[in-house]
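Chemist: sequence and predicted structure, then a few things I'm wondering about:
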Amino acid sequence: MGVPFEALIPYGIMLAMFGVTGAGLSKIRHMQNGGKRARHSVDQWDRVMMDRDRRLTGYLRGQTDNPSAPAGFELNNPWRVSR
């Protein structure tokens, strides 16, 4: 005796929704990284360099080959002065 296909419809819908959700989250992460693949195992040095790149280019993963910093970068210090 076979399984009626109506019993498998909810499982197909759930599988499709998991697929759509996974693809959407992957696309959002790809867009947030400036079109680059997601980074894994980011250590402190990578975070510092990514913050520097963000301050230079405006994007967390953006990089520039311009040897001179843009105007105003000398005032763009990541260290905060405490009182």
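Modeler: Cool, the structure landed.

Chemist: low-confidence stretches in the chain?
Modeler: Filtered on pLDDT under 70, the chain yields the residue ranges 75-78, 80-83.

Chemist: quick one, helices of it?
Modeler: For the chain, the helices defined by DSSP state H cover 9-32, 44-57.

Chemist: buried residues, stretch 47-55. List them.
Modeler: 50, 53 (16 or more other Cβ atoms under 10 Å). All C-beta spots, glycine's among them, are computed from the backbone N, C-alpha and C.

Chemist: what's in contact with that stretch?
Modeler: 42, 59, 60, 61, 62, 63, 64, 73, 76, 78 (Cβ atoms under 8 Å, 6 or more residues apart in numbering).

Chemist: residue 70 contacts residue 58, correct?
Modeler: No. Judged on Cβ atoms under 8 Å, residue 70 makes no contact with residue 58 at a distance of 9.6 Å.

Chemist: stretch 50-63: how far from the chain's middle?
Modeler: 13 Å (Cα atoms, centre = their mean, to the nearest Å).

Chemist: no, scratch that, I was asking about stretch 25-37
Modeler: The answer for stretch 25-37 is 5 Å, by Cα atoms, centre = their mean.

Chemist: show residues contacting that stretch.
Modeler: 38, 39, 59, 60, 61, 62.

Chemist: near the fourth one, how many other residues are there?
Modeler: Residue neighbour count, defined by other Cβ atoms under 10 Å, stands at 15 for residue 60.
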